[in-house]
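Novice: Sequence and predicted structure below; questions after.
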Amino acid sequence: MLVTKEAKKLLAEFLSRVAQILFAMLVVGPFVTGNLKAEFIMIGLFGAFGSLFLALMVSFTVKKED
């Protein structure tokens, strides 16, 4: 799959925005709801999505060096 540099830059920017939003939800969520159970669920979701994004970014950087 051939991906242009522009598309890679846009994807990286999008993923960083999503990560920032997830992190903000992780930090602010329990204070708003007062629910610690939701905090652990958010930590799990954040970890799952974070590892997925990391794997995507690594695959793109590996393809870039070819």
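Specialist: Right, received. Where do you want to start? Numbers count the residues shown, from 1 in each chain.
Novice: all helices in this structure, in order from the N-terminus.
Specialist: Using DSSP state H, the helices of the chain run over 5-33, 36-65.
Novice: By mean pLDDT, show me the worst of these.
Specialist: Per-stretch mean pLDDT for these is lowest at helix 36-65 (a mean of 71).
Novice: Which neighbouring elements make contact with that one?
Specialist: helix 5-33 (3 or more C-beta pairs under 8 Å, 6 or more residues apart in numbering; DSSP states H and E). Placement of C-beta: from N, CA and C, glycine included.
Novice: helices or strands next to the helix it packs on in the packing?
Specialist: helix 36-65.
Novice: Show the contacting residues for Lys5.
Specialist: Contact partners of Lys5, counting by C-beta atoms under 8 Å, 6 or more residues apart in numbering, are absent.
Novice: quick one: the one residue sitting closest to the centre of the chain and Leu10, what's the gap?
Specialist: Compute the mean C-alpha point of the chain, and by C-alpha atoms, centre = their mean the closest residue is Ala19, 3.7 Å away. Per C-beta to C-beta, to the nearest Å, Ala19 is found 15 Å from Leu10.
Novice: do Ser59 as well
Specialist: Distance check for Ser59 against Leu10: by C-beta to C-beta, it reads 16 Å.
Novice: Same question for Ile21.
Specialist: Distance, Ile21 to Leu10, using C-beta to C-beta: 17 Å.
Novice: now swap in Leu52 and tell me
Specialist: According to C-beta to C-beta, Leu52 and Leu10 sit 18 Å apart.
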